[in-house]
Each structure stands twice: as structure tokens, then as C-alpha cells.
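**Student:** Can you look at this prediction? I've put the sequence above it.
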Amino acid sequence: AQTVTQSQPEMSVQEAETVTLSCTYDTSESDYYLFWYKQPPSRQMILVIRQEAYKQQNATENRFSVNFQKAAKSFSLKISDSQLGDAAMYFCAYRSGTDDYKLSFGAGTTVTVRA
Amino acid sequence: NAGVTQTPKFQVLKTGQSMTLQCAQDMNHNSMYWYRQDPGMGLRLIYYSASEGTTDKGEVPNGYNVSRLNKREFSLRLESAAPSQTSVYFCASPKGPEQFFGPGTRLTVL
């Protein structure tokens, strides 16, 4: 399995402020996908955003955006205008670009939003 | 369109008991996956099935068996449960380039 590292076990952010979650990964492949999943207390795994390695443009989904640095093997998630509903565990995940859909996950970052 | 469904949602077992976790998907995809989630470790792949009739070991297969019953269903069996198998179990299946996950099963082995 590929190694995915999330070095921040916990992050706290004030409501309406911005928080950035870090993720690094190790791979020798050139074709792959990176994902951020959100896991609220309900424990449902919810896809937040996806980045294809061949795309230079950083992915954006409403208040969520990524900073994809392919050479540095870094994939950070920025949550803008944080809302109370953003409080959750966030997982970074890697998938090879082959037909194999196996995911390698980081350990997760717990995000707390302060009202 | 339910996506990925899992049963049961919660289960408590005694050491040595057996049980089967059920998973079904209606996304008509060939691949299905079983992961376990433990605190501080993210999700780890237990077994997967790339197509009906095939199964392969993932990162942490010891103590588990799987059956790909048909294209829709993929079950995970614990033959003799151990406390180390206390975890949350997720089944997943792809849709497009992404994995969609079931709601999870919280299993406690006493």
C-alpha cells in the first residue's frame, strides 16, 4: 500500500475562518488520484474533493479547495468560511491510476469548529 | 438507489464467536472492498474482489474470510472473533473514479 501521511491529528478553527489540513504521500507512479473524505460523527464516509494527478489545476468544490504540489507529493485541503457542520474527521486518500480502485488512507485529522 | 448497504450496523461478540458482515451494492460495478477503521490508523484494506468470482487479500487479511456471492453482494466472515478485531468495518464499491462507502458496522469483541 502507498504511504499517506497526515501530520495533524487535530485542528481547531473559528467559525467563518479558514483552516488548512496537510497531507503528503509516497508513490513512484505518475498516474493516480487523490481524495479528501469527511467523516462526521454519523461515521458515514463522504467524498469532499478529488484531484487527478495529470491535472495541473487545483480542484475546488464550493468552500473546499486543494493545493496539489505533485513534485513535493503534497495535497492539502483548505476549508474556507468554516461552518459548524464542517466539524468532522478528514481523511486524505490515494488511489493508483490503474483499474484497481484500492485506497490507501492517512490516519485522519479531527477538525473542531468553534462558534 | 441505495448505493452501498451494510448489515448489521452494530454487533457485540464474545471471543471465539463467528459472524458474517453483509454488503450489497446497486451501482453495478465489478469491484467491491472491505476496510477496517481503527483509531489513529485511518482505514485499512482487508480484502477486495475485482470481479464476481475473484477475491484478493489486502493489507490486513488475517482472521477474515470473504465471499463474493454475486455481482451485488460481498460478505466478510470472522470465523473466531478476537478482541483485536474490535473495529468499524466499511464496505465500498466504485462509482466513476471514486469509492462509495456503506454506513459501516461497529463491531465489539469482548
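**Tutor:** Noted; the coordinates are in hand.
**Student:** so A:Tyr25 is in which element?
**Tutor:** strand A:24-26 (DSSP states H and E).
**Student:** Buried residues of that strand, list them for me.
**Tutor:** Within strand A:24-26, the residues that count as buried by 16 or more other CB atoms under 10 Å in any protein chain shown are A:Thr24, A:Tyr25. Where C-beta positions appear, they are placed from N, C-alpha and C, glycine not excepted.
**Student:** which helices and strands does it pack with?
**Tutor:** strand A:3-5, strand A:74-79 (3 or more CB pairs under 8 Å, 6 or more residues apart in numbering or on different chains; DSSP states H and E).
**Student:** so what strands line up beside the following helix or strand past the last one?
**Tutor:** Translated: strand A:74-79. Heading C-terminal from strand A:74-79, the first helix or strand you meet, by DSSP H and E, is strand A:88-96. If you go by DSSP bridges, strand A:88-96 pairs up with strand A:32-39 (antiparallel), strand A:103-105 (antiparallel), strand A:109-114 (antiparallel).
**Student:** which residues make contact with the longest one from outside it?
**Tutor:** Strand A:32-39 is contacted by residues A:21, A:23, A:25, A:45-53, A:64, A:66, A:68, A:75, A:77, A:86, A:88-97, A:103, A:108, B:97-98 when judged by CB atoms under 8 Å, 6 or more residues apart in numbering or on different chains.
**Student:** The nearest residue to B:Lys57 once chain neighbours are set aside pairs with what?
**Tutor:** Closest residue to B:Lys57 apart from its sequence neighbours, by CB to CB, 6 or more residues apart in numbering or on different chains: B:Tyr47 at 6.1 Å. Beta-bridge partners recorded for B:Tyr47 (DSSP bridges): B:Trp34, B:Lys57.
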